[in-house]
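Trainee: sequence plus the predicted model coming up.
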Amino acid sequence: MLREAARLKQVVERFDRVAQECQDLTELLELSLDEELEDIAPLIGTLEQDLDSLELATMLCGPDDSKNAILTVHSGAGGSESEDWAGMLLRMFKAFGEKQGWKLEILDEQPGELSGIKSASIEIDGDNVFGYLRSEIGVHRLVRISPFDSQSRRHTSFASVFLYPVVEEEDNSEIVIDPSEIRVDTYRASGAGGQHVNKTDSAIRMTHIPTGIVAQCQNERSQSRNRATALKMLKSRLLARKREEEEVKRATLEGTKLDNSWGSQIRSYVLHPYNMVKDHRTGVETSDTTAVLGGEILHFVRGFLLDPVLNRPRAAK
């Protein structure tokens, strides 16, 4: 309750601060002479940025938007080409998280045969992580000249992104797992991690038998810590499944249709024969592919969150 009260206090303080900025700027404009208006222009620009940020924050009204999140990237069919693309996507999300001041921790990573990753899961800790990153759920498509093709032909690769809200202690009443419904397998970790990690069965894979949902962790040296993390991941995925089912029911009652954003192609990244990144849901696009792959994806997030159709099911309560 104290955490929730502190979060709501921050929201109110942001509104009050912007309202005060508007009032101060209005009074300043009324008192200023024409030749002084140039000095006020930067203040107007700052106010516009604050209003844009506040507008974006008001869209984070879903039940899980304020939560931390577990982001998972899977490479699609295509071997090394798709694994390299999945690794590029993971680096993009890491860079975006660092720009937001979020804390990131790798929970599980399966390296690719030559480069990139087969799959990876990272836990992201910060303000409104799930709310911002739910715009990234779906299939991401890359078109480029493959560095793995000796004939330098153009290839198309796919990678899928999933996002799960982290289950906190206050959510435990929502997600109750019967221990008898979990199958736990231990295995030896793969990839980098030192002799202890690679020579002991410290990695954990948990399967929720009724739903078939799987969570695994191999990041820690300790099997018990991997077990605890895997259980947290499993609960997060079950909570995400519950939310998705609730949205489908709500959409049915409201007579609306939900797109299957978990499996549809949401964005294309074209590096040849031209440079373009385009979001197929919102129409937001840019030719600065280097910046996007370097973590500059806030304009795509903003376009998604401010779209009334894409956000209507989550915003309804």
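Mentor: Thanks, I have it. None of these values were measured; they are calculated from a predicted model.
Trainee: going by C-alpha atoms from here, please, whenever you check contacts or count neighbours.
Mentor: Will do.
Trainee: give me the three-state assignment for the residue most central in space within the chain.
Mentor: Centroid-nearest residue in the chain: Leu133, 2.9 Å away (criterion: CA atoms, centre = their mean). Applying DSSP: H, G, I helix; E, B strand; the rest coil to Leu133 yields a three-state assignment of helix.
Trainee: contacting residues for it?
Mentor: Leu163, Val301 (CA atoms under 8 Å, 6 or more residues apart in numbering).
Trainee: need the contact list for Lys99.
Mentor: Counted by CA under 8 Å, 6+ apart, Lys99 has contacts Gly295.
Trainee: and the gap between it and Ser224?
Mentor: The gap separating Lys99 from Ser224 is 32 Å, by CA to CA, to the nearest Å.
Trainee: what does Tyr132 give?
Mentor: On the measure of CA to CA, Tyr132 and Ser224 end up 31 Å apart.
Trainee: more neighbours, these two?
Mentor: Higher neighbour count among Tyr132 and Ser224: Tyr132, with 20 against 13, using other CA atoms under 10 Å.
Trainee: name the nearest residue to that one, sequence neighbours excluded.
Mentor: Spatially, and ignoring its direct neighbours in sequence, Tyr132 is nearest to Val301 (6.4 Å; CA to CA, 6 or more residues apart in numbering).
Trainee: which helix or strand contains that neighbour?
Mentor: Per DSSP states H and E, Val301 falls inside helix 298-305.
Trainee: how many residues are close by Tyr274?
Mentor: 11.
Trainee: from here on, call the first residue 748.
Mentor: I'll keep to 748 as the first residue from here, and by that count the last item is Tyr1021.
Trainee: tell me the SS of it?
Mentor: Classified using three-state DSSP, Tyr1021 is coil.
Trainee: remind me which residues of the stretch 798-947 of the chain are low pLDDT?
Mentor: 916-920, 937-947 (pLDDT under 70).
Trainee: all helices of it, in order?
Mentor: Secondary structure of the stretch 798-947 of the chain, counting by DSSP state H, counting those that start in this stretch: helices at 827-846, 876-880, 941-946.
Trainee: mind checking which of the ones you listed is nearest Gly1030?
Mentor: Nearest of these to Gly1030, taken as CA to CA: helix 876-880 at 17.7 Å.
Trainee: ok, now which ones touch the closest residue to Glu1043 other than its chain neighbours?
Mentor: Spatial nearest neighbour of Glu1043, chain neighbours left out: Phe843 (6.4 Å); criterion: CA to CA, 6+ apart. Listed by CA under 8 Å, 6+ apart, the contact partners of Phe843 are Gly1041, Gly1042, Glu1043, Ile1044.
Trainee: next, count neighbours for Ala906.
Mentor: For Ala906, using other CA under 10 Å, the count is 25.
Trainee: I figured it hits Ala833, correct?
Mentor: Yes - judged on CA atoms under 8 Å, Ala906 makes contact with Ala833 at a distance of 5.6 Å.
Trainee: which residues do those two both contact?
Mentor: Listed as contacting both Ala906 and Ala833 by CA under 8 Å, 6+ apart are Val820, His821, Ser822.
Trainee: ok, what's across the strand from the last one?
Mentor: Going by DSSP bridges, Ser822 is paired in beta bridges with Ala906.
Trainee: how many neighbours does it have?
Mentor: 28.
Trainee: was I right about it contacting Ser866?
Mentor: Yes - the criterion here is CA under 8 Å, and Ser822 meets it with Ser866 at 6.2 Å.
Trainee: overlap in contacts of the two?
Mentor: Common neighbours of Ser822 and Ser866 (CA under 8 Å, 6+ apart) are Ala833.
Trainee: phi and psi next, for Val961.
Mentor: phi -120, psi 140 (degrees, to the nearest 10).
Trainee: sec struct for the closest residue in space to it that isn't next to it in sequence, please.
Mentor: Using CA to CA, 6+ apart and skipping residues adjacent in sequence, the residue nearest Val961 is Thr954, 4.5 Å away. Three-state call for Thr954 (three-state DSSP): strand.
Trainee: what of Val1024?
Mentor: strand.
Trainee: so which strand or helix has Ser983?
Mentor: helix 970-1001.
Trainee: that helix packs against which elements?
Mentor: strand 901-912, strand 950-955, strand 960-964, helix 1055-1062 (3 or more CA pairs under 8 Å, 6 or more residues apart in numbering; DSSP states H and E).
Trainee: now that helix: buried residues?
Mentor: Neighbour counts over helix 970-1001 (16 or more other CA atoms under 10 Å) mark 970, 972-974, 976-987, 990, 994-995, 997-998 as buried.
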